[in-house]
Each structure stands twice: as C-alpha cells, then as structure tokens.
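Engineer: Generate coordinates for the sequence data below:
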Amino acid sequence: MSQRRKLQGYDFYQTVLKNAKYFLAPMVDQSEYAWRILSRRYGAQICYTPMIHAKMFCDEKNRQYQSDVWSTGINDRPLIVQFCANDPETLLKAALKVQDQCDAVDLNLGCPQHIARRGHYGAFLQDEWDLIYKLINILHENLSVPVTAKIRVFPEVEKTIKYAKMIESAGAQLLTVHGRIRDQKGHNSALADWEQISQVKKALNIPVIANGNILYFEDIERCISMTGVDGVMSAEGNLYNPAIFSGSNLPTWQLASEYLDICRTVPTKIGYIRAHLFKIYRPALPFHVDLREQLAKVTTFEEIRAISDELQTASYVYDDEVENDENGYKIFPHWICQPHIRSPVLGNPNSKKKIENS
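Structural biologist: Numbering: from 1, shown residues only. The predicted structure follows:
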C-alpha cells in the first residue's frame with residue numbers, strides 16, 4: 001500500500017480527526033455502536049470500538065461474535081477500530097475487513113486483565129518489542145488507513161519513552177498513553193502518572209492522547225495543561241457519566257432513557273444494555289434495592305425499559321451549587337450521573353498536589 005495514499009501523524013490528526021480533544025475509549029462490551037451514538041451527542045469527538053479479538057473476528061464460523069462486536073452507521077465517524085492480537089498476519093486479515101468503514105485501526109497494548117494474560121495480548125505483550133513492531137508495521141505497510149496504538153507505562157519513565165519511540169518507528173500515527181503500569185487495575189488502580197505521559201509527549205513527533213484520572217469535565221483541560229497532550233481519553237468517567245465531555249451533570253434517568261431510545265433502533269445485546277444501566281444508575285441503586293435486584297435478572301428489553309422508567313423521579317430538584325467533600329470530590333445528589341470513586345482515601349487524584357506527587 002502506497003503511503004502517499006493516506007495521511008500520517010499531525011496531517012492525519014488535523015485533517016481526519018479535526019484536532020479532536022475528546023476521545024471515547026475502547027471498552028470491551030461497552031463502547032458499542034449505540035453507546036457511541038449517545039457519547040457523540042454529549043461531546044465525544046473521536047470514538048473507538050470495543051476491543052475486538054482479531055483471531056475470533058477472522059473466524060468465519062463465528063458470525064455471532066462478528067455481529068456482536070462490530071456494527072456502525074453513517075454518522076459514526078471519526079471511528080477507530082481497536083483489535084487485540086499476537087499474530088501479525090491474523091491482525092492484518094482482521095483489519096482489512098473494517099478499513100473501509102473506519103478512519104484508523106488501533107492495536108491494544110494496554111489491557112491488563114487476566115483474560116489478556118491467558119490470551120497473550122494487550123499489556124502482556126509489552127516486553128515483546130520485536131513482535132509489537134511487526135504487529136504495527138504490517139498494518140502501516142498494508143492498510144489504507146493509519147494505525148494507532150494504546151499502551152500502559154513502565155515503572156521507569158526512560159523505558160516508557162523508548163517503548164513509545166519504538167511504536168512510533170514501527171508506523172503508529174497516534175499514541176494513547178494510559179498512565180498506569182500493567183499491575184495497576186481494578187481496586188489497585190492507584191493514580192495515573194501524568195508526568196510519565198508528559199515525558200512521552202515531549203519525546204514523540206506524533207499526536208499523544210492521555211488516559212487516566214479523568215473524573216470531571218474540568219480534569220480534561222487540567223490534564224492537557226499539565227501534560228501538553230493533544231487530547232484526553234475517557235473510559236470509566238464516560239461509562240458513569242456519558243455526558244462527561246459536555247461538562248453537564250445530568251439526571252441518571254435522562255441519559256438512561258436516551259440510551260434506551262437509541263437501542264430501540266440500533267440492535268444491542270441485553271447484556272451490554274444492562275451493564276451500562278448499572279453504571280449510569282450506580283449512585284441511585286442503593287436507594288432502590290428492589291430495582292437493583294430486578295435489573296440484575298432482566299432478560300428482555302421491555303423489562304429493562306420498565307425498570308428504568310420506575311427509576312425516573314420527576315420531583316427531584318437539582319441545585320447547581322456543588323460542594324466538595326473532605327477529599328476534594330464533588331458532592332452530587334444520587335439522581336445525578338457522577339464518577340465512581342474507587343479509593344476515596346487517596347483524596348482527589350486530580351488535585352495539583354496529588355498529581356505532582358503521583
């Protein structure tokens with residue numbers, strides 16, 4: 001594939017991605033087409049698909065998997081399709097299936113979950129630089145769209161920089177850096193290291209996107225200011241508040257209702273829908289234990305819709321005056337979408353003091 005046929009680096013970022021700052025993260029079973037539609041309504045400028053397993057996607061006997069993980073539409077752009085893989089030829093075969101319906105193909109080098117360890121992909125490839133180079137380079141040389149990558153950092157910033165430069169040299173045209181090491185996940189997430197991200201940004205000649213520590217809209221500009229990155233990616237922040245990129249703090253039922261309306265016209269697995277509603281309604285569910293139990297058992301769209309309708313309470317009044325708790329987190333009423341705070345003992349991870357010491 002002639003490299004003159006596709007834009008690279010900042011030409012790609014400016015022309016195709018329109019200098020975007022707000023990126024919806026690739027999330028397994030959670031950044032599906034219906035969710036991307038909702039997120040775009042509220043400010044997401046670039047959306048990623050869920051992580052797609054390249055080998056399974058290429059298996060023509062597994063049509064159900066293909067339809068579950070890959071669907072799109074006319075307004076679903078710019079769109080970046082993310083794959084996990086450990087074989088260059090298989091990755092290329094999978095990427096060729098989608099290149100005409102997306103703006104770039106991303107390689108997942110950041111997944112830290114046990115399934116990635118067992119499958120030998122994601123963050124568990126980060127010590128195999130020769131293989132990673134081949135995975136990225138085969139896409140760079142053969143696709144009609146650019147290749148991008150998403151990584152986690154090493155404990156040593158010097159190693160992270162060398163790693164990022166290798167990925168750039170392989171042909172990646174944009175790099176997303178999650179500022180946590182591979183072992184920092186779930187309740188052991190700790191704080192993402194914005195300083196590492198800042199050093200990577202200074203070292204590369206391609207656009208760099210930051211991921212980690214985004215709880216509120218204002219954290220986006222703080223991150224850009226402190227790291228110098230070109231844009232910011234949200235994963236969990238978006239799942240708990242799909243309006244995070246708009247700066248709005250909206251009622252849980254409003255966003256849930258909009259999402260369900262979208263799902264009426266865009267076929268979406270019940271499991272995906274239920275998982276989204278658990279996150280949107282998370283602050284309200286402790287006040288509605290019976291509905292929480294029902295939501296866990298539903299098997300049809302009509303049942304989910306009925307439960308969501310019950311959670312709508314028009315009498316709630318939201319005062320725009322927001323106070324902070326002793327750890328610096330915003331105090332919202334339980335019917336407002338808000339971030340899920342994993343470790344409040346750390347204090348607000350986005351305060352200047354905490355970031356400087358992270």
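Engineer: Any chance you could give me stretch 226-233 in PDB, C-alpha atoms only?
Structural biologist: Listed in PDB are the C-alpha atoms of stretch 226-233, where the atom choice follows Å, rounded to 0.1, in the frame of the first residue of the first chain:
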ATOM      1  CA  MET A 226      -0.200  19.700  32.800                       C
ATOM      2  CA  THR A 227       1.000  17.200  30.100                       C
ATOM      3  CA  GLY A 228       0.900  19.100  26.800                       C
ATOM      4  CA  VAL A 229      -1.000  16.200  25.200                       C
ATOM      5  CA  ASP A 230      -3.200  16.700  22.100                       C
ATOM      6  CA  GLY A 231      -6.300  15.100  23.600                       C
ATOM      7  CA  VAL A 232      -7.800  13.200  26.500                       C
ATOM      8  CA  MET A 233      -9.500   9.800  26.500                       C
END
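Engineer: check contacts around residue 81.
Structural biologist: With contacts taken as C-beta atoms under 8 Å, 6 or more residues apart in numbering, residue 81 has the following neighbours: 48, 49, 52, 70, 95, 98, 102, 104, 105, 106. In this view, the C-beta of every residue, glycine as well, is placed from N, C-alpha and C.
Engineer: hey, what's the first one bridged with?
Structural biologist: What that stands for is residue 48. On the basis of DSSP bridges, residue 48 is bridged to residue 80.
Engineer: so what's it up against?
Structural biologist: Applying C-beta under 8 Å, 6+ apart, the residues contacting residue 48 are 23, 24, 25, 26, 27, 31, 79, 80, 81, 82, 106.
Engineer: cool, and the fifth one?
Structural biologist: Residues in contact with residue 95, defined by C-beta under 8 Å, 6+ apart, are 54, 81, 83, 105, 139, 143.
Engineer: Go through the helix or strand harbouring it and flag the buried ones.
Structural biologist: Residue 95 belongs to helix 88-98 when elements are defined using DSSP states H and E. Neighbour-count burial for helix 88-98, counted by 16 or more other C-beta atoms under 10 Å, picks out 88, 90, 91, 92, 94, 95, 98.
Engineer: Stretch 201-209 now?
Structural biologist: Of the residues in stretch 201-209, those buried by neighbour count under the rule 16+ other C-beta under 10 Å are 201, 204, 206, 207, 208, 209.
Engineer: Quick check, the second one in contact with residue 162.
Structural biologist: Meaning residue 204. No - the pair residue 204 and residue 162 does not pass the contact test of C-beta atoms under 8 Å, sitting 11.5 Å apart.
Engineer: show me where this protein has strands.
Structural biologist: Secondary structure of the chain, counting by DSSP state E: strands at 22-24, 46-48, 52-53, 79-84, 104-109, 147-152, 172-178, 208-211, 231-234, 323-324, 330-331.
Engineer: Against which helices or strands is the last one packed?
Structural biologist: Judged by 3 or more C-beta pairs under 8 Å, 6 or more residues apart in numbering; DSSP states H and E, strand 330-331 is in contact with strand 323-324.
Engineer: The strand it packs on packs against which elements?
Structural biologist: The contact analysis (3+ C-beta pairs under 8 Å, 6+ apart) places strand 323-324 against strand 330-331.
Engineer: avg pLDDT for the strand it packs on?
Structural biologist: Averaged over strand 330-331, pLDDT sits at 86.
Engineer: May I have the strands that pair with it, each with its orientation?
Structural biologist: According to DSSP bridges, strand 330-331 forms sheet pairs with strand 323-324 (antiparallel).
Engineer: In space, what's closest to residue 217 - neighbours in sequence excluded?
Structural biologist: residue 247 (4.0 Å; C-beta to C-beta, 6 or more residues apart in numbering).
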